[in-house]
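Participant: With the input below, show me the fold.
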Amino acid sequence: MLHKLVLQIALAASLLSPELSSATATKTKAQVKNNSGVTPAGQCGTWVKKPDGGYFTSPNYPEKYPPERECIYIIEASPRECIDLFFDEKYSIEPSWECKFDHIEVRDGPFGFSPIIGRYCGQESPSYVRSSGRYLYIKFVADSELEAIGFSARYNFTK
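Facilitator: Residues are numbered from 1 along each chain as shown. You can find the predicted model right below:
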């Protein structure tokens, strides 16, 4: 129930974005490919709950991701399970000091304020990540300069 409410609020907020006209939003949707199927006004991402695990990617992967994107992926496991997250080796996100610009942020829980596990950018893919509970919050941010190929990540669940 909680994840449905959070997803509805996130989708409603994205639809209220005044930055893009409807013509620009239509053009952006046509340009952005994302396996989540969710691409409202400059955003992407999804809430994922598949019993056998799965994968997700940055927009356009393995081509360069588009500028000015924020993608939020929330992975939910069944009760009493945790999440194992692996990033593919074909990985590149604009490098910067402390990953201040383009980056992936992984948090141990379902919210943007959950405890941070790590913030990643550059050419070396993050090492294996395991949640302490049944949720992971992953945010991918791209600024307006220097795009790269992005990432592909897969996940599975462990009792």
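
Participant: Point out where this protein drops to low pLDDT.
Facilitator: 1-43 (pLDDT under 70).

Participant: make it 90
Facilitator: 1-62, 68-69, 87-92, 94, 123-128, 143-150, 159 (pLDDT under 90).

Participant: could you pull out the strands for it?
Facilitator: For the chain, the strands defined by DSSP state E cover 43-48, 54-57, 69-76, 82-87, 103-107, 116-120, 129-130, 135-142, 152-158.

Participant: what packs against the shortest one?
Facilitator: Applying 3 or more Cβ pairs under 8 Å, 6 or more residues apart in numbering; DSSP states H and E, one finds that strand 129-130 makes contact with strand 82-87. In this view, the C-beta of every residue, glycine as well, is placed from N, C-alpha and C.

Participant: The strand it packs on pairs with which strands, and in what direction?
Facilitator: Strand 82-87 sits in its sheet next to strand 129-130 (antiparallel), strand 152-158 (antiparallel), going by DSSP bridges.

Participant: CA atoms only for it - export them in PDB, please.
Facilitator: This file holds the C-alpha atoms of strand 82-87, laid out as PDB (Å, rounded to 0.1, in the frame of the first residue of the first chain):
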ATOM      1  CA  CYS A  82      17.000  -8.700   1.100                       C
ATOM      2  CA  ILE A  83      18.200  -7.500  -2.300                       C
ATOM      3  CA  ASP A  84      21.400  -8.300  -4.100                       C
ATOM      4  CA  LEU A  85      22.300  -5.600  -6.700                       C
ATOM      5  CA  PHE A  86      25.000  -6.000  -9.300                       C
ATOM      6  CA  PHE A  87      26.200  -3.400 -11.900                       C
END
